[in-house]
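Asks: need coordinates for the following:
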Amino acid sequence: MIIYILKKIVTFSFIICVLAQISFCLVYFDPQSIFSDLTFVDAYSAFFKQLLQGQFRLASGETLPFLDTLLTTFELCILALLVALFIGLPLGIFLGLSNINWLNTTIRLGCLIFYSCPIVMLATIVMFYLSSTMPISMNFDIAPSVIGSSLLDILISSRPDKFTAMLDQLHYLLLPTIILAIQPSIMTIQLVSENVKNTSRQNYIKMAIIRERSPFKVLRRHLLPNSIPATIPQLTYNTTTLLFLTMVIEILFNRVGLGQWVMMAYRNHNYFIIAIAILACGTVISLLTLLGEITAIAIYPLRHKEHYV
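Replies: Predicted coordinates for the structure are as follows:
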């Protein structure tokens, strides 16, 4: 298992290195780049020095906090995935084992309706009806310390009002996270129900039902370990769509992140920011995929026995 995880980490590092080289080339050959007056070696050194420091300085003097922006977007993705697992796993298991046709049809119909609904339209409708009671609209005077902070930054800070700041941040992230988690939840329900249904038809599950006295033991010892780990990597295959939806939510809810970066770059025709955004997007997608694969092997290592035996 350790060898398999190390291979995935090495692959992740290689992808990030390649994306960093591509981003540097885009930045260096941009006529408005601050590195255009430097030699290739000096520009290369300055670029990766700023990358390791977690911030980039533009020609206008403005500073782009790379790591902070990356962390806020990644945090929203993780929260949406956790909500999707919390909602999708129980419903998917129930749907895969249930024989109640009308209830199964109702759940599938509800999933189909929500999945076909554009997230922009759904977020706009929710903001319209709840804007008078929740601080979610772009027209509200929300403190920059709330919309531009992450939970990890607040947690490791030494500020005296840490608990209050955490509650404010969670209150602000509640609605964006729920809206963002709709489509991942539906995908989780569909994948889990399909895997559970296929696994329940296997002969070893039928033998386990005969041998075990309690249905919960069959579910816990045999059915779930053989169906759930196969679902987690399948969820990470759609990280590109999840990242795109996260950026849309950040723009709609005025949250500092990659979405705001891309909008600012498009408005100002700033290719420097676009190059850094490519690196940030690739990092988020690769990191989510890596975490999904590590989580799957940590839950049930025997599914990847061929990789480390």
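
Asks: and the residue lying closest to residue 177 once chain neighbours are set aside, how many neighbours does it have?
Replies: Among residues not flanking residue 177 along the chain, residue 79 sits closest, at 4.6 Å (Cβ to Cβ, 6 or more residues apart in numbering). Placement of C-beta: from N, CA and C, glycine included. Residues within reach of residue 79, counting by other Cβ atoms under 10 Å, total 20.

Asks: now do residue 79 against residue 179, distance only.
Replies: Remark: distance between residue 79 and residue 179 (Cβ to Cβ, to the nearest Å) = 12 Å.

Asks: circling back to that earlier point, OK, contacts around the residue nearest to residue 177?
Replies: 173, 177, 180, 181 (Cβ atoms under 8 Å, 6 or more residues apart in numbering).

Asks: narrow those to those that are buried.
Replies: 173, 177, 180, 181 (16 or more other Cβ atoms under 10 Å).

Asks: pLDDT (mean, whole number) over the host helix or strand of the second one?
Replies: Assigned by DSSP states H and E, residue 177 belongs to helix 162-180. Mean pLDDT, computed over helix 162-180, is 81.

Asks: how about it: buried residues?
Replies: 165, 168, 169, 172, 173, 175, 176, 177, 179, 180.

Asks: nearest to residue 220 among those residues?
Replies: residue 177 (28.9 Å; Cβ to Cβ).

Asks: wait, the closest one sits on residue 76?
Replies: Yes - at 6.7 Å, residue 177 counts as touching residue 76 under the criterion of Cβ atoms under 8 Å.

Asks: then the helix holding residue 177 to PDB, C-alphas only?
Replies: The C-alpha atoms that make up helix 162-180 are tabulated as PDB, following Å, rounded to 0.1, in the frame of the first residue of the first chain:
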ATOM      1  CA  LYS A 162     -11.000  32.500  16.400                       C
ATOM      2  CA  PHE A 163     -14.200  30.600  17.400                       C
ATOM      3  CA  THR A 164     -16.400  33.500  16.300                       C
ATOM      4  CA  ALA A 165     -14.500  33.900  13.000                       C
ATOM      5  CA  MET A 166     -14.900  30.100  12.300                       C
ATOM      6  CA  LEU A 167     -18.600  30.400  12.900                       C
ATOM      7  CA  ASP A 168     -18.900  33.400  10.600                       C
ATOM      8  CA  GLN A 169     -16.900  31.600   7.900                       C
ATOM      9  CA  LEU A 170     -19.000  28.400   8.200                       C
ATOM     10  CA  HIS A 171     -22.200  30.500   8.100                       C
ATOM     11  CA  TYR A 172     -21.000  32.200   4.900                       C
ATOM     12  CA  LEU A 173     -20.000  28.900   3.300                       C
ATOM     13  CA  LEU A 174     -23.100  27.000   4.200                       C
ATOM     14  CA  LEU A 175     -25.300  27.900   1.200                       C
ATOM     15  CA  PRO A 176     -22.500  27.900  -1.400                       C
ATOM     16  CA  THR A 177     -21.400  24.400  -0.200                       C
ATOM     17  CA  ILE A 178     -24.900  23.000  -0.300                       C
ATOM     18  CA  ILE A 179     -25.500  24.300  -3.800                       C
ATOM     19  CA  LEU A 180     -22.100  23.100  -5.000                       C
END
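
Asks: fine by me, we can end here.
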